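*Asks:* Let's see this in three dimensions:
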Amino acid sequence: MDNKELLFKGLKYSIGAIPLMFLGPILIHNSFMNKHTWVHYIVLGVGIFICLTSVTLMFRGIKTIIKSLFDGNEN
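*Replies:* Sure, this is the predicted structure:
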C-alpha cells in the first residue's frame, strides 16, 4: 500500500471520529438531564458506546497516519 493511500485511510478514521466526539457527550448530558424516565439508562449506554467508539477511531486514525509518515519502504 502506498504511503499516500495509508495517510488518507488514517484521515478517514480521524474525520469519522469527529462527529462522534460531539454526539457522545451530548447524549450523556441528555441522559443525566432526564433522570425521571427509564429511557435514560439506554441513552447513557448509547452515549458511552459512542464515546468509546470515537476514542478507538481516533486512536486508529492517528496510529495509521503516524505509520504512513514514518515507516519507510520495508523491502
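
*Asks:* Now for residue 71: which residues touch it?
*Replies:* Residue 71 makes contact with residue 3, according to Cβ atoms under 8 Å, 6 or more residues apart in numbering. Where C-beta positions appear, they are placed from N, C-alpha and C, glycine not excepted.

*Asks:* give me that answer again for 10 Å
*Replies:* Residues in contact with residue 71, defined by Cβ atoms under 10 Å, 6 or more residues apart in numbering, are 3, 6.

*Asks:* any idea how far it is from residue 65?
*Replies:* From residue 71 over to residue 65 the distance is 11 Å, taken as Cβ to Cβ, to the nearest Å.

*Asks:* any shared contact partners between these two?
*Replies:* Jointly contacting residue 71 and residue 65 under the rule Cβ under 10 Å, 6+ apart are residue 6.

*Asks:* give the contact list for the residue minimising distance to the centre of the chain.
*Replies:* Nearest to the geometric centre of the chain sits residue 54, at 1.9 Å (Cα atoms, centre = their mean). The neighbours of residue 54, taking Cβ under 10 Å, 6+ apart as the test, are 16, 17, 18, 19, 20, 21, 22, 23, 24, 25.

*Asks:* again, but for residue 14
*Replies:* So residue 14 contacts 57, 58, 59, 60, 61, 62, 64, 65 (Cβ under 10 Å, 6+ apart).

*Asks:* Now secondary structure too, for the residues you listed, in a markdown table please.
*Replies:* Shown next, in a markdown table, are the contacts of residue 14 (DSSP: H, G, I helix; E, B strand; the rest coil):
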| residue | secondary structure |
| --- | --- |
| 57 | helix |
| 58 | helix |
| 59 | helix |
| 60 | helix |
| 61 | helix |
| 62 | helix |
| 64 | helix |
| 65 | helix |
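
*Asks:* Just the buried ones from the residues you listed?
*Replies:* Buried subset of those (neighbour count, 16 or more other Cβ atoms under 10 Å): 57, 58, 60, 61, 64, 65.

*Asks:* Just the closest of these to residue 7, please.
*Replies:* Residue 7 has its nearest neighbour among these in residue 65, at 6.1 Å by Cβ to Cβ.

*Asks:* what about that closest one, distance to residue 53?
*Replies:* Computed as Cβ to Cβ, the residue 65 to residue 53 distance reads 18 Å.
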